[in-house]
Structures are given as structure tokens and as C-alpha cells.
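In: Need the 3D shape of this:
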Amino acid sequence: MPSTSRVEAFPANTPAASQIFTTVLSHGPLTRLEVARRAGLSPAAVTKAVRPLIEAGYLVEDANEEARPALGRPANLVRVDGGRALFIGLKVTGDEIIGVLADLCCRIRVARRVPLRGREPGPVLAVAAELVGELLTEADGFGVRVLGLGIAVSGDVDRAEGTVRYSPFLEWRDVPLAELAAMTCGLPVTVDNDVRALTVAEQWFGDGVGLSDFAVVTVGAGIGCGLVVHGRVVAGAHGVAGEIGHVTVDPAGPPCHCGNRGCVEAIAADSAIVAQVREVTGIDVADTAAAVDLAHRGDAGARAVYAKAGAAIGRGIATVANLLGPERVIISGEGLAAYDLFAEQIRDAFTAAAFGSAARCEVHTRPLPFEEWARGAAATAIQSFITSDLN
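Out: The predicted structure is shown next:
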């Protein structure tokens, strides 16, 4: 594995400088006056913060010929030099690891997928180290250092401690993943819940850019939710904010792995849908793809299962809208392959359960492959790098 011993520090050691950089990262190129307006800071504060970032090569200032005034020089635009640094993001599923090499603007330069040889921490870390080694070799070809590694895992993850408290798909409990990965891979490591990582990427680079309050709801193997409140991704006091998958929508519904009954996840997660399709139709469908195919071929029982799942998701989204009043809810995840089977039920249930003006919340669908989840992990590494001196 290529050497990663030298750790570079980001030259922005104040909250204002970090805010200015992230403003340019998400909205740039911008003039300094636009940066000041968007960040709510004075032009003098912007100039002071921008100078060391330009000197270190993280920001670049270009003349904007289109903004040339009648007299004098053209206005200058400040932008992030995406090629200044690289970051690795890993998304760990129950079966494989998806890895990406991303630049400072979180554009994917290289993507890889490797199967897992086992779900225990040791085998997973061994595969992760091999994949990181491959991506570090790819980074050598760009002539740019990798400055951080982000790992996204489903379940209850304590980002501050770098610990996976509980991951149901991996069957992990209290695994100090950041510490273990740092020793194995030799990079600064950020570990976060996979949906929160995806939310960071959507906030900075995706469908949430410019929004103060929004949510990302993911459907698929589980039902997850990432929350942005007043411009910050929130995890809550115990790291489990946004767990709409375990909101009870049918007290008499099927049992959930969390110990309750009738949770959104117990009705609408992929495994739950497959089990219900088997029970309702008497057909031993092998997996999600087979269940979707059966419903698409018009089987009434299978279609009813998907309709029920859509209603559960819609009520879960309405709960988020009622509690937090987001401007937008972004629905994503591998479960969107079946979206046409339950889209109407999601909309109807959301409209019926959303209270008052909460129903004005925009509901967008955004199909994203797992490479984008790995990109979210890279986004958390970028975030940690930018704010490392402020924590």
C-alpha cells in the first residue's frame, strides 16, 4: 500500500473560514461579495479567510469577464480547485464494499466494487484495506495525495467516537471501526451512518444544495432517514435521529427486528416485502427482483403488498414533515426500482397524514446507485478534513 504517513492540515482554523470554504464548495464559483452575502459575513472577513486558502491552493480566483463593469477590472470569481486533494469513500453492505476515489469537489474519479468474504469485522477490514490500497494506487496516477477516508455503514453509528454500535445487516455490535481502519489503512478515518453520509453529499453537492431544512429518506434493505435542520445534519443526542424506519404505523402489523410491531421497516423494507409476497401469493419468490417482476406482471396479491408498503412509507414521511417542517424530502435507495408500484400510495398517505402546511413539503425521488452512497462517505471525509481543527 502506498505511503500515507504525512497528514496535511487544512488552512482554515476558524468557523468563519470553514463556512466560507463550504459556501464556495457548494455554490461556487462566486465573487467575494456573493460569498459574503451567502455566508452572512463581512467582505473584510471573507478576504481574510480566503487569502490563506488561495495561497495553499484550495481556492482559485479567476477573472469573470462576463461580470466586467462599464469601467475598471472585471470582478473575480472564487472557486474550489477540486484537483487539490483526493478522498476515499467506502460504502459497506452485507455483501460487498463499494469504493470511490473522489476529488475535493466530491466528483468521482474512480469507482470499484469488491465482494465480502465474511461479515465479521476482521474479514471486512481486510477487504476494505485491499480496496483502499487499489484506490491509493489510482491516486498516485493523479499525482495528488489522499487526505482522508470515509466509511459508511448502516445502523447505529457514533461518528464522534468512530464506533458502529449496532449494524443489523453486518450483525456488528460496538466495533471501533474508525480506530481499526486507521491502523489498517494509514489514513484519517471518518465513520458515519450510511444515510447520514448520503445526506451530507446531498446537502453540499446534490438535491439539498441551498436548502436550510430537508430530509433524505432511503428505501431498500432498510428504511432510513437523514435530517438537515437549520443547515446542519443532525444525529441527535444519542446518534439515532431520523429513524423513521422504526416509527410504528400499524400496531397490529408484522414484528420488526427492533422488537416492536408494525414499523415502517417491518412493512416496507425489501426483506419484509418479499416475505409478505410469499405469504399472500403462495409463490416462493426468490428475492426482491422476483417480487417486483411478479407485481409488474399484474399479480393482485403482490401489487397489494407494494401498495401497503407505499402507504407505510408515506405515513413515515408525513411524520418527518409534521415534526420538522422540511422544505423538501428526497426519496432514494435501491427500493426505487419498484417506485412505480407504490408511488401513488406514498403520495396519498403523505397528503392524508401531513398536518396543515406540512403538506406543502416537496417530495422528490432521486434514484442513486451505491457508488453515490460511497461518494457520501467521501463527503464525510471532506467534511472532517475541513473542520478537523474546529472539533
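In: thought residue 32 was touching residue 50?
Out: Yes - with contact defined as CB atoms under 8 Å, residue 32 counts as touching residue 50 (6.8 Å). For the C-beta atoms, the positions are set from N, CA and C on the backbone; glycine is no exception.
In: Of the two, give the one with the bigger neighbour count.
Out: Taking neighbours as other CB atoms under 10 Å, residue 32 and residue 50 compare with residue 50 leading, 21 against 18.
In: picking that back up, find residues that contact each of residue 32 and residue 50.
Out: Listed contacts common to residue 32 and residue 50 are residue 78; contacts here mean CB atoms under 8 Å, 6 or more residues apart in numbering.
In: how close does residue 316 get to residue 323?
Out: The gap separating residue 316 from residue 323 is 11 Å, by CB to CB, to the nearest Å.
In: ah, wrong one, I meant residue 195
Out: Going from residue 195 to residue 323 by CB to CB gives 17 Å.
In: With neighbour numbers in mind, choose between the two.
Out: residue 195 (28 against 12).
In: And that one, how far from residue 302?
Out: Note on residue 195: its distance to residue 302, by CB to CB, is 27 Å.
In: got it, and residue 235?
Out: For residue 235, the distance to residue 302 - CB to CB - is 37 Å.
In: In space, not sequence, find me the middle residue of this structure.
Out: When CA atoms, centre = their mean is applied to the chain, the residue found nearest the centroid is residue 198 (0.6 Å).
In: Tell me if I'm right that residue 217 and residue 317 touch.
Out: Yes - under the criterion of CB under 8 Å, residue 217 is in contact with residue 317, at a separation of 5.9 Å.
In: and for the two, which residues touch both?
Out: Common neighbours of residue 217 and residue 317 (CB under 8 Å, 6+ apart) are 244, 329, 331.
In: What confidence value was assigned to the first one?
Out: To tie it back to what came earlier, the one meant is residue 244. Here the pLDDT value assigned to residue 244 is 91.
In: Distance-wise, check it relative to residue 252.
Out: Here residue 244 is placed at a distance of 19 Å from residue 252 (CB to CB).
In: Going by how many neighbours each has, rank the two and give me the top one.
Out: With neighbours defined as other CB under 10 Å, residue 244 and residue 252 compare such that residue 244 has more, 24 against 6.
In: I figured residue 250 hits residue 262, correct?
Out: Yes - at 3.5 Å, residue 250 counts as touching residue 262 under the criterion of CB under 8 Å.
In: can you redo the shared contacts of residue 217 and residue 317 as CSV with distance to residue 17 and secondary structure?
Out: Listed next are these as CSV, based on distance: CB to CB, whole Å; DSSP: H, G, I helix; E, B strand; the rest coil:
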residue, distance to residue 17, secondary structure
244, 35, helix
329, 32, strand
331, 35, strand
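In: got TSV for these, with distance to residue 143 too?
Out: Shown next, in TSV, are these (distance: CB to CB, whole Å):
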residue	distance to residue 143
244	44
329	41
331	39
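In: From these, pick the one nearest residue 28.
Out: residue 329 (26.6 Å; CB to CB).
In: where in this protein is pLDDT low?
Out: Scanning the chain for pLDDT under 70 picks out 1-7, 63-74, 388-391.
In: Please, where are all the helices along it?
Out: Counting by DSSP state H, the chain has helices at residues 15-27, 32-39, 43-55, 121-142, 177-185, 194-205, 264-268, 270-281, 288-296, 300-324, 339-353, 370-387.
In: contacting residues around the closest residue to residue 218 other than its chain neighbours?
Out: Distance criterion CB to CB, 6 or more residues apart in numbering; nearest residue to residue 218, sequence neighbours excluded, is residue 333 at 3.6 Å. By CB under 8 Å, 6+ apart, the contact set of residue 333 is 217-220, 224, 368.
In: before we move on, what about residue 368?
Out: 198, 332-333.
In: Now do the contacts for residue 126.
Out: With contacts defined as CB under 8 Å, 6+ apart, residue 126 is in contact with residue 117.
In: Apply 7 Å and report the result again.
Out: Taking CB atoms under 7 Å, 6 or more residues apart in numbering, we find residue 126 in contact with no residue.
In: what does the one 5 residues further on give?
Out: With CB under 7 Å, 6+ apart as the criterion, the residues that contact residue 131 are 90, 97, 99, 112, 114.
In: Neighbours of the residue nearest to residue 239 when sequence neighbours are not counted, how many?
Out: Leaving aside its chain neighbours, residue 239 sits nearest to residue 158 (5.2 Å; criterion: CB to CB, 6+ apart). Per other CB under 10 Å, the neighbour tally for residue 158 reads 20.
In: hang on, residue 158 packs against residue 238?
Out: No - using CB atoms under 7 Å, residue 158 is not in contact with residue 238; the gap is 8.8 Å.
In: residues near the closest residue to residue 164 other than its chain neighbours, how many?
Out: Nearest residue to residue 164, sequence neighbours excluded (CB to CB, 6+ apart): residue 175, at 4.5 Å. Using other CB under 10 Å, residue 175 has 22 other residues around it.
In: Can you give me every residue that contacts residue 175?
Out: 121, 163-164.
In: Can you lay out the helices of the chain as CSV showing distance to residue 104?
Out: Listed next are the helices of the chain as CSV, based on distance: least, CB to CB, whole Å:
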stretch, distance to residue 104
helix 15-27, 8
helix 32-39, 17
helix 43-55, 11
helix 121-142, 12
helix 177-185, 19
helix 194-205, 11
helix 264-268, 36
helix 270-281, 35
helix 288-296, 36
helix 300-324, 31
helix 339-353, 33
helix 370-387, 7
